[in-house]
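In: 3D model of this:
(one chain, ligands or ions: 1)
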Amino acid sequence: MSNAYSSAAGGAMDKAAAARGLWSSRLAFILAATGSAVGLGNIWKFPYITGENGGGAFVLVYLLCIAAVGLPIMMAEVLIGRRGGHSPVNSMRAITNQEGLKPAWRWVAGIGVLAGFLILSFYSVIGGWAISYVGTAATGQLAGQSAESIGAIFSGLLGDPIKLLLWHTVFMALVMIVVARGVRSGLERAVSILMPALFVLLLIVVGYAMTTGHFGQAVSFLFQPDFSKLTTSGVLVALGHAFFTLSLGMGIMMAYGSYLPKNISIAKTSVAVSLMDTVVALLAGLAIFPIVFANGLEPGAGPGLIFQTLPLAFGQMPMGSLFGTLFFVLLIFAAWTSGISLLEPLVEWLEEQKGMNRTLSTLGAGIACWLLGIASILSLNLWSDVAPLGMFAMFEGKTIFDLLDFLTANILLPLGGLLVAVFVGWFLSRKALEEELSMSPAVFTAWYRVLRYFTPVAVAIVFIYNLV
Ligand code: PHE
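Out: Take a look at the predicted model:
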């Protein structure tokens, strides 16, 4: 990312160069942040948890969580990163020094290192499913299939640990290669082309979904809240997903924020990233649910939902094999850019704190993650009855895969986000915040109040409710 803005001085040439630098840095931030945010969370996870939690009311709570919890915290994270100017742990350290606060605050960034590691272990397994479906679509296996045979393809994949391991390995390798080389410039270019392409393909599937005759039903499923279907655990899932889908509570936005030029609005860029992320998730919902209803499938089918519905659409639409192949390739890219941002914090931490070089820390972190991923793979087949913490009511019936997902998205990320909100809202000086945010006083006050009072209280209440 360019530093040209910092050397802006002198003649018109310099000014033009500086302006370009500024622009490309703002764009670079948006690309990197969107690349991290938009991923399997939007296309795989959002539709299936919406299906499991009854639709409309859940979506409404999720949107509220994005706006009133996620967005304020994203701004807080970017602010910490830009003010600290370093990796998350060191940014926290710099700020606590500056403001005379306890150095223990830097452990907030430490939670992120752990969460990223745990998430990537199973994220990579799902990324592997997407890789596997590229082959399935490209070889025309989806064409004209019934819902049953599409379902059989999916259960065949889940029941085959060797195949799952192979694709999980490929996905982890893809992530490790980019992280080890430490270059993100090529990736940013890729994001700027592939994200819009994914968007267009989603629109194509939505277009097809409109012809199924069940589009209206899907729209009312997604947007007509029926609060009798909403449970307290559903609220926790919605809140946790807001963190997961925006890549919050992990210090990622701090890391990217450290590249943001001083005169770029943190609020506007955060709104842009959150909006894009939300639009992609809602489009995925509009693509999938008409197909669910048109084929009499179960909305609450769980993690396999998109792999049992989208292939049906690709099997029926004109040029479906081509669109299907393209779609899964783009899904891999979306997952890849997110996967990179999941591994990065741990690798950076190993480099900074343990003095390992980049290659070695990537290898160490990546292989450990890959090993843990094997447990998730086995929990889909051979260990599908194993519920390690099943003795606690909260974890009853949760496999290793379910447990990792729950622990990270619903506990670690909200906890990390809660601490960020408390740190920025209650411990940083107001002057520092006003300097970084430079927004109109009214908007600033609104953000500040939400971050101080609403966000921590909301997260705490949802937590406590679910514990007891
Ligand atoms: N936001 C990513 C997604 O929606 C996943 C992710 C979570 C990435 C947390 C980084 C940190 O797929």
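In: tell me the secondary structure at the residue of the chain found nearest the ligand.
Out: Residue of the chain nearest the ligand, by Cβ to the nearest ligand atom: Gly41 (2.1 Å). Glycine gets a C-beta too; all of them are placed from N, C-alpha and C. Following DSSP: H, G, I helix; E, B strand; the rest coil, Gly41 is assigned to helix.
In: again with Leu382
Out: Secondary structure, three-state DSSP: Leu382 is coil.
In: ok, it - contacts?
Out: Pro161 (Cβ atoms under 8 Å, 6 or more residues apart in numbering).
In: torsion angles phi and psi at it?
Out: phi -60, psi -40 (degrees, to the nearest 10).
In: coming back round to it: you'd agree the residue of the chain closest to the ligand is up against His241?
Out: Yes: using Cβ atoms under 8 Å, Gly41 is in contact with His241, at 7.1 Å.
In: low-scoring stretches of the protein, by residue?
Out: 1-24, 183-186 (pLDDT under 70).
In: what about the nearest residue to Leu157 once chain neighbours are set aside, which helix or strand?
Out: What sits nearest to Leu157 in space, not counting adjacent residues and going by Cβ to Cβ, 6 or more residues apart in numbering, is Ser132, at 5.8 Å. For Ser132, the element it lies in under DSSP states H and E is helix 107-138.
In: buried ones in that helix, by neighbour count?
Out: Of the residues in helix 107-138, those with enough neighbours to count as buried (16 or more other Cβ atoms under 10 Å) are 108-134, 136-138.
In: before we move on, what about stretch 202-219?
Out: Result for stretch 202-219 [16+ other Cβ under 10 Å]: buried residues Leu202, Ile204, Val205, Val206, Tyr208, Ala209, Thr212, His214, Phe215, Ala218.
In: take these and write them to a markdown table, including distance to the ligand.
Out: A markdown table is the format used below for these (distance: Cβ to the nearest ligand atom, whole Å):
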| residue | distance to the ligand |
| --- | --- |
| Leu202 | 14 |
| Ile204 | 21 |
| Val205 | 18 |
| Val206 | 19 |
| Tyr208 | 24 |
| Ala209 | 21 |
| Thr212 | 26 |
| His214 | 26 |
| Phe215 | 25 |
| Ala218 | 21 |
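In: burial count for the residue of the chain closest to the ligand?
Out: Other residues lying near Gly41 total 28 when counted by other Cβ atoms under 10 Å.
In: leaving out sequence neighbours, find the closest residue to Met250.
Out: Gly112 is the one closest to Met250 (Cβ to Cβ, 6+ apart), at 3.7 Å.
In: how near is that neighbour to Pro303?
Out: Distance, Gly112 to Pro303, by Cβ to Cβ, to the nearest Å: 24 Å.
In: cool, Asn97 as well?
Out: 44 Å.
In: do a quick rundown of the helices in the stretch 1-150 of the chain.
Out: Applying DSSP state H, counting those that start in this stretch to the stretch 1-150 of the chain gives helices spanning 12-37, 40, 46-52, 56-65, 71-84, 88-99, 107-138, 147-158.
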